[in-house]
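[1] Model the following, please.
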Amino acid sequence: MNVHGLTQKEAEERLKRDGLNEVPEPKFNFWKEFAGKLWNLSAWILEGALLLECALGKWIQSFFVLLMLLFAAYNGATQKKKSRKVLSDISHELTPVVAVERDERWIKLDSKYLVKGDLISLKRGDVLAADAELVEGALRLDESSITGESKQIAKQKGDQAFAGTTVMSGQALARVIAVGVNSRSGQTINLINNSAAPGHLQQLLTKIIYYLCLLDGVLTLILIIAALIRGENILEMLPFLAMMFIASIPVAMPSTFALSNSFEATRLSKEGVLTSDLTGIQDAANLNLLLLDKTGTITENKTAVSSFSNLTGQADADVLPLIGAAADLRNQSVIDQAILSYLQKRDLPAAPADSFSPFTSDRGYSMAECQGKTIKLGSFKQLAKLDPEAAIKASQVDFTQGRSVAAVIDDKLAGVFITQDKVRPDSKTALAELVKRGIKPIMLTGDNKRTAEVVAKQVALKGQVISISDFNEQTDVKNLAGIADVLPEDKLAMVKHFQELGYIVGMTGDGVNDSPALKQAEVGIAVANAADVAKRSGKMVLLDDGLMPIVKILDAGHRVYQRMTTWSLTKLARTAELTMLLTFSYLVFGYLPMALNAMVIYTIMNNMVTMMIGTDKTQISYQPENWDMGKLAKISFSLAAAWTAIGFAFVAGLGQLGVSHGQTGTMVYVFLVMSAMMIVLITRTRGFFWQSAPSKPVALVQTADILLTCLLALLGIAMPAISLKELLTTLFSAFLAAVLINLVYQPLMKEH
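    Take a look at the predicted model:
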């Protein structure tokens with residue numbers, strides 16, 4: 001190699017002069033985001049109601065609807081800003097590491113410290129962190145990140161490659177020609193992979209809103225028919241009907257999602273897991289099948305040569321240095337490291353190569369020209385095809401002891417290395433924990449079946465190990481411990497196959513060819529030593545080796561799941577309670593027992609509380625979650641029916657006592673606010689609500705809501721005033737109702 005990089009001193013001087021290889025991210029435009037929140041379906045309903053209130057001259061109600069609209073937009077923009085900050089902080093931790101030559105020595109360097117003039121080594125799977133000009137070798141690049149075209153582009157010596165593009169094949173040396181703001185893309189590599197599609201959980205919660213609107217539609221129709229029969233003015237009913245729909249709008253849903261997911265993403269980052277797609281956290285709760293790469297996940301990825309079989313008849317001292325010439329000195333794989341380390345232990349330096357071609361999975365070996373000989377190093381299966389006598393020569397090699405790496409000199413089998421990966425001390429325990437949680441782990445490996453069986457036995461995986469050639473649609477997944485002889489391109493097909501069988505699939509991977517499978521899986525996890533493109537494709541990136549971080553991902557998913565379960569049950573129950581109580585009271589008593597202003601305030605207060613659910617304490621479930629819409633509806637509408645029945649009896653009792661309609665409306669408002677707070681406490685735990693305290697944010701907002709409710713009711717602000725006695729009676733009635741309902745429905749909640 002005739003080209004060399006900078007000295008460390010030169011690089012430091014240029015770094016001081018030009019700055020880091022990064023571009024400040026575009027500032028978050030809060031007001032643009034705020035305006036965007038005023039242009040969606042939920043906002044349109046609120047805006048329609050606002051226009052209706054103004055047209056009817058209901059100026060106080062118009063003010064409250066406007067307040068709700070602005071609150072939803074402001075809160076949504078605020079939570080989006082927080083989520084973006086969390087993901088931005090995480091993205092900086094995912095900055096690619098680059099092989100750079102400094103002081104004529106190859107080192108691994110954080111790409112943000114690259115400077116103009118640096119000599120970098122590029123290989124398959126790398127994402128370029130700066131613009132560079134190729135000075136040696138050839139590449140095929142995916143430039144879709146800057147051109148939008150997915151067609152691979154060939155690059156030769158003298159061609160330029162740009163920041164943000166991905167090396168799909170080949171290997172080259174390149175000189176950095178532009179960094180940071182001066183690069184063509186004008187941005188640092190950002191490995192955050194924002195998913196365009198919502199997760200399973202969000203899709204299901206959207207269905208809940210649909211059913212609520214359907215319920216509101218039916219009840220609205222009933223109210224209109226009843227009003228027409230009674231000859232009442234429909235226009236006077238319109239504000240209440242509009243508010244019934246407003247009560248169903250998931251004003252707090254986006255904020256609750258953002259808050260809960262960001263909360264868990266931050267927590268995971270402190271536990272060695274970076275989140276690049278928040279839907280991965282949601283889907284982790286439903287995960288029930290996990291495809292695991294053996295190397296680097298179950299094993300330590302610290303491969304060592306356990307034995308070498310010399311098949312040439314020459315001395316090891318003559319053969320091994322030649323073989324060492326075919327090892328990659330620039331971007332060493334674990335196999336290269338193992339062989340070079342083996343030579344070093346035997347005081348046999350690798351012979352210098354006259355020319356070198358790196359390993360590719362398509363070819364199956366690396367190749368070097370040295371001392372007039374052609375040396376190839378790689379897959380025994382591939383290289384054995386070059387020597388007709390290979391099977392006879394290798395007949396004494398015990399291939400069951402580990403992974404085989406063959407060496408061929410001038411197309412004659414020269415030797416076979418047997419390498420072994422040490423099983424991680426925590427793998428057996430972690431796999432047992434995954435199984436305990438109802439997850440089916442399946443080991444994937446490119447090793448042969450016998451080697452895979454040894455590893456599976458060491459970590460106590462239940463079931464049989466089969467070759468990929470024996471894997472088909474009839475394979476019994478429940479009796480499968482591992483799949484051997486797997487090529488990277490097989491993994492995508494397996495992920496899709498298991499998804500078609502109804503599994504929620506997790507996938508670990510590290511290579512370029514793993515990227516499609518990582519992208520396809522609901523929970524794609526790039527391991528610590530993964531290629532840049534694999535990290536960009538996965539929804540999670542592990543900072544630590546091994547399986548234990550995956551357990552932390554599951555815990556995070558279950559916490560999000562439980563919070564959103566509480567949110568959905570609460571939303572369904574309290575909305576159904578409000579609409580049914582008002583509808584039935586109107587049908588029976590001939591009036592709506594709640595002031596319109598109070599209804600608006602009630603809706604705002606509920607959204608404040610449900611938003612805070614994203615921070616609530618949770619109880620970890622040890623089985624994959626499965627959203628059962630039937631059971632969810634059964635619980636929520638049973639709770640709503642019970643609260644409605646008690647509320648209806650409360651209204652009837654007030655009528656018997658001669659309480660005015662205005663005061664009844666205020667007391668019903670207090671009752672509904674109190675019941676909404678109690679529904680949150682009831683649904684957030686499988687036990688009795690008094691046995692489990694909520695998080696501080698939930699408790700503080702609930703306390704503030706109740707105190708504000710009491711203050712408004714006593715002072716008669718936006719509603720008729722009631723006495724302290726009437727207030728205490730209402731609060732006691734609602735609390736007593738909560739205790740009775742919890743006693744009856746606690747077994748049902750425990751089952752859920």
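[2] remind me which residues of the stretch 651-752 of the chain are low pLDDT?
    Filtered on pLDDT under 70, the stretch 651-752 of the chain yields the residue ranges 748-752.
[3] which stretches of it form helices?
    Counting by DSSP state H, counting those that start in this stretch, one finds helices in the stretch 651-752 of the chain at the ranges 661-683, 696-715, 724-751.
[4] which helices and strands does the second one pack with?
    Meaning helix 696-715. helix 596-612, helix 661-683, helix 724-751 (3 or more C-beta pairs under 8 Å, 6 or more residues apart in numbering; DSSP states H and E). For the C-beta atoms, the positions are set from N, CA and C on the backbone; glycine is no exception.
[5] So which bits of the helix or strand hosting Glu12 are buried?
    Per DSSP states H and E: Glu12 is located in helix 8-18. Neighbour counts over helix 8-18 (16 or more other C-beta atoms under 10 Å) mark 11, 14-15, 18 as buried.
[6] for stretch 681-698, same thing?
    Along stretch 681-698, these residues count as buried under the neighbour rule (16+ other C-beta under 10 Å): 681-686, 689, 694-695, 697-698.
[7] wait, which of these is closest to Gly655?
    Ile682 (27.8 Å; C-beta to C-beta).
[8] Isn't the closest one up against Leu740?
    No: in this structure Ile682 lies outside contact range of Leu740 using C-beta atoms under 8 Å: 11.2 Å.
[9] And for Leu67, the neighbour number?
    13 (other C-beta atoms under 10 Å).
[10] Please disregard the earlier target; I meant Thr618.
    Neighbours of Thr618 under the rule other C-beta under 10 Å: 19.
[11] Contacts only, for it.
    Applying C-beta atoms under 8 Å, 6 or more residues apart in numbering to Thr618 gives the contacts 558-559, 562-563.
[12] what do you get for Pro593?
    With contact set as C-beta under 8 Å, 6+ apart, Pro593 has these partners: 581-582, 585, 651, 661, 664-665, 668.
[13] Would you list the buried entries among those residues?
    By neighbour count, with 16+ other C-beta under 10 Å, the contacts of Pro593 hold 581-582, 585, 651, 664-665, 668 as buried.
[14] can I get the CA coordinates of stretch 218-231 in PDB?
    Provided in PDB are the C-alpha atoms of stretch 218-231 (Å, rounded to 0.1, in the frame of the first residue of the first chain):
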ATOM      1  CA  VAL A 218     -76.000   5.800  18.400                       C
ATOM      2  CA  LEU A 219     -76.700   7.700  21.600                       C
ATOM      3  CA  THR A 220     -76.800  11.000  19.700                       C
ATOM      4  CA  LEU A 221     -79.400   9.600  17.400                       C
ATOM      5  CA  ILE A 222     -81.500   8.400  20.300                       C
ATOM      6  CA  LEU A 223     -81.300  11.900  21.900                       C
ATOM      7  CA  ILE A 224     -82.300  13.600  18.600                       C
ATOM      8  CA  ILE A 225     -85.300  11.300  18.100                       C
ATOM      9  CA  ALA A 226     -86.400  11.800  21.700                       C
ATOM     10  CA  ALA A 227     -86.100  15.600  21.300                       C
ATOM     11  CA  LEU A 228     -88.200  15.500  18.100                       C
ATOM     12  CA  ILE A 229     -90.900  13.400  19.800                       C
ATOM     13  CA  ARG A 230     -91.000  15.800  22.700                       C
ATOM     14  CA  GLY A 231     -91.100  18.800  20.300                       C
END
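[15] hang on, the earlier thing: let's have the helices and strands packed on helix 696-715 in TSV, adding distance to Leu141.
    Output for those, formatted as TSV (distance: least, C-beta to C-beta, whole Å):
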stretch	distance to Leu141
helix 596-612	45
helix 661-683	52
helix 724-751	55
